[in-house]
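In: what's the 3D shape of this:
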Amino acid sequence: MNILDENIPESQRQLLERWGIRTRHVGQELGRVGMHDDEIITLLQSVRRTTLFTRDRDFANPRLCHPSYCLVRLDCVQDASAELIRRVLRHPELKTQERRRGLVVRAGQTGLRIWRRNAVELSFAWPER
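Out: Numbering: from 1, shown residues only. Model prediction:
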């Protein structure tokens with residue numbers, strides 16, 4: 001399940017839906033409006049096989065690696081969120097939920113930084129289109 005944090009605008013969610021990427025939004029379908037970071041982490045631990053996409057810098061923390069979810073911190077302006085989410089979901093290293101599970105990812109314009117619990121940080125450039 002792909003979950004969007006509150007800091008990703010509804011317009012970006014609608015764009016993802018048009019591209020066939022199903023999502024749920026924190027504060028609308030999951031949780032409540034104004035959830036704190038620790039409450040979101042607890043929510044993710046209770047819902048299996050999830051990927052949270054957020055623009056919140058606090059989530060780009062390797063200590064948040066957990067086997068039941070993936071955190072993706074988007075390093076972009078709000079209006080570029082949908083395009084960056086689509087690129088993350090299409091990246092060969094992250095194409096499936098199974099490959100994403102347990103990771104904390106920072107996605108930016110130049111590529112990805114990936115942390116796995118008790119492992120070396122990995123960096124990947126975006127593949128050629």
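In: And the pLDDT at Arg129?
Out: Arg129 is assigned a predicted lDDT (pLDDT) of 66.
In: what ranges do the helices span in this protein?
Out: 10-18, 37-46, 81-90, 97-100 (DSSP state H).
In: separation between the residue nearest to Thr51 when sequence neighbours are not counted and Gly34?
Out: With CB to CB, 6 or more residues apart in numbering as the criterion, Thr51 has its nearest non-adjacent residue at 4.3 Å, and that residue is Cys70. All C-beta atoms are positioned from the backbone trio N, CA, C, and that covers glycine. According to CB to CB, to the nearest Å, Cys70 stands 23 Å off from Gly34.
In: Of these two, which one has the most company?
Out: Cys70 (26 against 9; other CB atoms under 10 Å).
In: right, and the more buried one touches Leu52 too?
Out: Yes: if you go by CB atoms under 8 Å, Cys70 and Leu52 touch, sitting 7.2 Å apart.
In: avg pLDDT for stretch 89-109?
Out: Confidence over stretch 89-109 (mean pLDDT, whole number) is 94.
In: any idea how far it is from the chain center?
Out: Chain-centre distance of stretch 89-109: 8 Å, with CA atoms, centre = their mean, to the nearest Å.
In: In it, which residues are buried?
Out: By neighbour count on 16 or more other CB atoms under 10 Å, the buried set for stretch 89-109 is Leu89, His91, Leu94, Gln97, Arg100, Arg101, Gly102, Leu103, Val104, Val105, Arg106, Ala107.
In: Thank you kindly, that will do.
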